[in-house]
Structure formats: structure tokens, C-alpha cells
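[1] Sequence and predicted structure are below.
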Amino acid sequence: MKFKTLHDKAKSIDVLIDEYMKTRQTGFVPFRSLEKMVVSVFPDAVRVSFGLHKLVFHLNHKSHLLALKVGKAEAVELDHKSYKQLPQAERHAYFARVFWHTKYSLLQEWGVEVEVSPQQLAGVRALAGKYGLLDITCDNIRSVNGTLKIIDAVIAPQGMFKLWKIYDSFNQRLPPPVRNAIRKSRLLTTVKQ
């Protein structure tokens, strides 16, 4: 297993989360408390992003840029499923490698932010759509060792792909400020929970 030391630390985060939910009798850990847990186990971790269901932390490990995604078990499993949705031959060429996952954490390659041209975005979206992956935006693509790779994608629920694809297509046509405002309002709602 690659990055076994990090895996062992991530397992201790799982224990902290389970203990928190058991003692507080809650569905999950509030994001502020979750961030404190992660930083207590990974002192060098820097939160770089958050979504509706998980936090993303940047980790430097020797020469590797890594992302530790931490969130609800269902969200972690969906991320892993998205990654496995592409056939293995294409998976590592177009999707940032997922090294392992625990109950609440997932370790993934992390690249650098780059400008993605409309043509490049359309090409990646077409390939991802072929395998049922949606929500491929410039924010979800990074340069990993000089290659554009997907770092996050969504799989539509069973029987909902066409409907979700219509929404995804509509969402992509919105002007970036409108799209960002919608995303920000959804994230603010999440942070308050």
C-alpha cells in the first residue's frame, strides 16, 4: 500500500469521528470540529476546499502533492466509485489517482491549478460523460505532473443520469458569477449545519 503511514493516521481520524458521533449522538461532525480533528492528526494539513459533504486538505509528502478528502462515509464511497467508473486504462490517464480510502477519508493525487481552455474542458467533459461522470468544471480539473486530470466528479443516482445530465448541461451554460453564487449559497448552507 502506498502512503501506509498516512493511511494509519487516517484510520485514527475514523476513530475520532465515530467517537464524536457516538458521544454527541449526531449524524456527523460539524465541519469546524472535523477540521480541528484532521489538523490534530495531520499538523501540516492545510484546508484548501470544502464541498457539501467533505473537506479537502492539501498534504505535502516528500515530492508528492496529495489531497486528503474527509467527510461522510457515503461521500467518500461516492468519490471512490466515481474514480472506479472509468476503465482502468483510462482512469489513470484522466482521473487523479486515488491511493486508498478509509471509512471517512480518501487520499488522492493533487495537482496544481491551471487555466483550462474551453476546448480542453469540453474534451474532458465528453470523456467523463461517456462513463456517467458529471460536474466536470475548471475547478475540478488540475495539472498532475503536466497532465490535466479530474480531481472530483459526480455520479448521478440510479435511473437519474439523463435528468442530472440536463441539469449539468444547464449549469455549465450559466455565467461563471451566477454559477459561483449558487455554489456559494449551497456551501454556506452546509457550513451552518
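    Ah, there it is. Predicted model, so just to flag it, every value in this text is computed and none were measured.
[2] most centrally placed residue in this protein?
    In the chain, the C-alpha nearest the mean C-alpha coordinate belongs to Asp152, at 4.6 Å (C-alpha atoms, centre = their mean).
[3] What does it show for phi and psi?
    Torsion angles at Asp152 (phi, psi; degrees, to the nearest 10) stand at phi -160, psi 140.
[4] For it, give me its contacts.
    By C-beta atoms under 8 Å, 6 or more residues apart in numbering, the contact list for Asp152 reads 51, 79, 82, 135, 140. Where you see a C-beta, it was placed from the backbone N, CA and C, and this is true even at glycine.
[5] For Val48, give its distance to Lys149.
    According to C-beta to C-beta, to the nearest Å, Val48 stands 16 Å off from Lys149.
[6] out of the two, which sits in the busier spot?
    Taking other C-beta atoms under 10 Å, Val48 and Lys149 do not tie; Lys149 has more neighbours (22 against 13).
[7] Give me the helices and strands touching the one helix or strand the more buried one maps to, please.
    Per DSSP states H and E, Lys149 falls inside strand 147-150. Other elements packing on strand 147-150 under the criterion 3 or more C-beta pairs under 8 Å, 6 or more residues apart in numbering; DSSP states H and E are helix 88-94, helix 118-130, strand 141-144.
[8] all helices for the protein, in order.
    With helices called from DSSP state H, the chain shows them at 4-24, 31-41, 73-85, 88-94, 118-130, 161-173, 176-192.
[9] what about this protein, any weak spots by pLDDT?
    52, 156-168, 170-172, 179-180, 182-193 (pLDDT under 70).
[10] Now do the strand holding Lys149: distance to the chain's middle.
    Distance, stretch centre to chain centre, for strand 147-150: 14 Å (C-alpha atoms, centre = their mean, to the nearest Å).
[11] Buried residues, that strand. List them.
    148-150 (16 or more other C-beta atoms under 10 Å).
[12] wait, isn't His7 in contact with Thr102?
    Yes: with contact defined as C-beta atoms under 8 Å, His7 counts as touching Thr102 (7.0 Å).
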